[in-house]
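*Asks:* Sharing a model prediction with you, sequence too.
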Amino acid sequence: MAYVVVMPRMGQTMEEGSVVEWMKKEGEAVSKGEVLLTIQSDKAELEVEADYSGVLVKILITPEDGEIPCLDPIAIMAESGETVDADRVLEEFLAKRRK
Amino acid sequence: MDAATQRRLLETMLRIRKAELQLAVMYKNGKVPCAAHLYEGQEAIAAGVCENLRLDDCITSTHRGHGHCIAKGMSLKEMMAEVCGKKTGCSAGKGGTMHLFKPEAGVMGTVGIVGGGIPLATGLGLAMKMKATDQVAVSFFGDGAANNGAFHESLNMASLWKLPVIYICENNLYATSVAVWRSTSVPNVGVRGAGYGMPGLTVDGNRVDDVYEAAADAVARARAREGPTLIECVTYRIRGHFEGEDAFYRTKEEVAEARKRDPIDYWKARLIADAAITEEDFQAMSAKADSEVAEAAAFADASPFPEPEDALVLTAKEHCCA
């Protein structure tokens, strides 16, 4: 099932983070545990691993976007072979969060 | 060791591993409201020691304590719900990862203060001796705690009074960011037993059979009221000290090397080689653990946070003055 990757909260004092570099491109297959991107937290530059295997469907936040709040969406992932409407996945995620 | 025990050890390690990896994902996604210190790679110690314990035996644990709680019999649901700060957790959502308590299962607390569980287990041992029961107490603690004053005071007193306590030092080579060789006067914490007049052993903490056998002897000794034992289990902390830590003080190569000594891989290979299980059995065990963990995670996620009036439940008054 498609899911939203969020800016991870990597530590109790981290409120915002920024994308340093995407290690995977849109459309690229990713295995669980592989490094998806690197982020800058309030303390350090950290690698973020994929929680599940699949395909990186869409990148929402790039280094140019600067700091964004923790837990805000940064990408959409899907299972390999799954057809997804990235906008709808994101919309559903945001609607669920507003509740 | 009988076949049922061999399998249980593997099942316990799998449940701990999968629960920890699930919590790592939940932590990143903002579901864990406080710090998370995960136990990946050290599962053989909790599993091997607790397999020797009865429900009425007691343990005290550390900031890295989820594995001990699972191995001692706390359900995945109440552990994960508590770690997520939910009302359905073992401490009603008021404690979190470093206050996991389940007295009914002998889990007398994960303690955030380094070395804090050592005197607590010693006190439990004293109570058991004074009440003339045949229970035992186990204290799990790290290599950093072994350089703490509470360690010295507790081991001295326990040996002097022949208390039924087993001291399990999980030497994972790092106290937060400090390598054990930078902070510890002896190459192996196990040798310190001699200084207190108690047996002191060092075993491979990634080999669940070695841990199990060493703990079996120590538990038998404690039950017979022959005194305490110190067992150092040498292992490796695979993840950072806490989730989100940049482990700048060690190399990726070192971690990759340590991963080759995975305790689950070791035990699985042993059991397959001994024809105790097949690859299919292992896959079935793994799938069962996956579904148990998924169910517990969903339960934790769906559970409510505590209400203000919940401040008045699980109080000392309620427990001790009833």
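*Replies:* Thanks, I have the structure now. None of these values were measured; they are calculated from a predicted model.

*Asks:* three-state assignment of the residue of chain A found nearest chain B?
*Replies:* Going by Cβ to the nearest Cβ, chain B is nearest to A:M10 of chain A, at 2.9 Å. To be clear about C-beta, it is placed using only N, CA and C from the backbone, and glycine gets the same treatment. Classification of A:M10 using DSSP: H, G, I helix; E, B strand; the rest coil returns coil.

*Asks:* So what's the residue count around it?
*Replies:* 24 (other Cβ atoms under 10 Å in any protein chain shown).

*Asks:* how near is it to B:V178?
*Replies:* According to Cβ to Cβ, to the nearest Å, A:M10 and B:V178 sit 21 Å apart.

*Asks:* again with B:F140
*Replies:* For B:F140, the distance to B:V178 equals 19 Å [Cβ to Cβ].

*Asks:* still on that earlier bit, you'd agree the residue of chain A closest to chain B is up against B:G240?
*Replies:* No: using Cβ atoms under 8 Å, A:M10 makes no contact with B:G240, being 9.6 Å away.

*Asks:* Could you find the closest non-adjacent residue to the residue of chain A closest to chain B?
*Replies:* Nearest non-adjacent residue to A:M10, counting by Cβ to Cβ, 6 or more residues apart in numbering or on different chains: B:G244, 2.9 Å away.

*Asks:* The one you found: how many residues sit nearby?
*Replies:* By the criterion of other Cβ under 10 Å, B:G244 has 23 neighbours.

*Asks:* thought it was touching A:I39?
*Replies:* No: assessed by Cβ under 8 Å, B:G244 is found out of contact with A:I39, at 10.1 Å.

*Asks:* Need the overlap of contacts for the two.
*Replies:* Taking Cβ atoms under 8 Å, 6 or more residues apart in numbering or on different chains as the criterion, B:G244 and A:I39 both touch A:8, A:10, A:46.

*Asks:* Three-state assignment for the closest residue to chain A within the stretch 101-250 of chain B, please.
*Replies:* Of all residues in the stretch 101-250 of chain B, B:G244 sits closest to chain A, at 2.9 Å by Cβ to the nearest Cβ. In three-state terms, and counting by three-state DSSP, B:G244 is coil.

*Asks:* For it, give me its contacts.
*Replies:* By Cβ under 8 Å, 6+ apart, B:G244 lies in contact with A:8-11, A:14, A:41, A:46, B:27.

*Asks:* Please apply the same query to B:G106.
*Replies:* B:53-59, B:72-73.

*Asks:* Which pLDDT value goes with it?
*Replies:* The per-residue pLDDT reported for B:G106 equals 97.

*Asks:* again with the one 3 residues further on
*Replies:* The predicted local confidence for B:G109 comes out at a pLDDT of 96.

*Asks:* what about it, how many neighbours?
*Replies:* Residues within reach of B:G109, counting by other Cβ under 10 Å, total 24.

*Asks:* Where do the helices of the chain begin and end?
*Replies:* Using chain A here. With DSSP state H applied, chain A shows helices at A:86-98, listed in chain order.

*Asks:* that's the wrong chain, I wanted chain B
*Replies:* B:3-28, B:43-50, B:66-72, B:76-83, B:117-130, B:149-160, B:180-183, B:208-223, B:252-259, B:263-273, B:279-302, B:316-320.

*Asks:* Show me the contact partners of the fourth one.
*Replies:* Going back to what we said before, that points to helix B:76-83. Contacts of helix B:76-83 (Cβ under 8 Å, 6+ apart): B:15, B:19, B:22-23, B:26, B:32, B:36, B:66, B:69-70, B:87-91, B:93, B:95-97, B:99-100, B:102, B:292-293, B:295-297, B:299-300, B:303.

*Asks:* Point out where the chain drops to low pLDDT.
*Replies:* Just going to use chain A. Chain A contains no residues with pLDDT under 70.

*Asks:* Actually, chain B is the one I wanted.
*Replies:* Within chain B, the segments meeting pLDDT under 70 span B:318-322.
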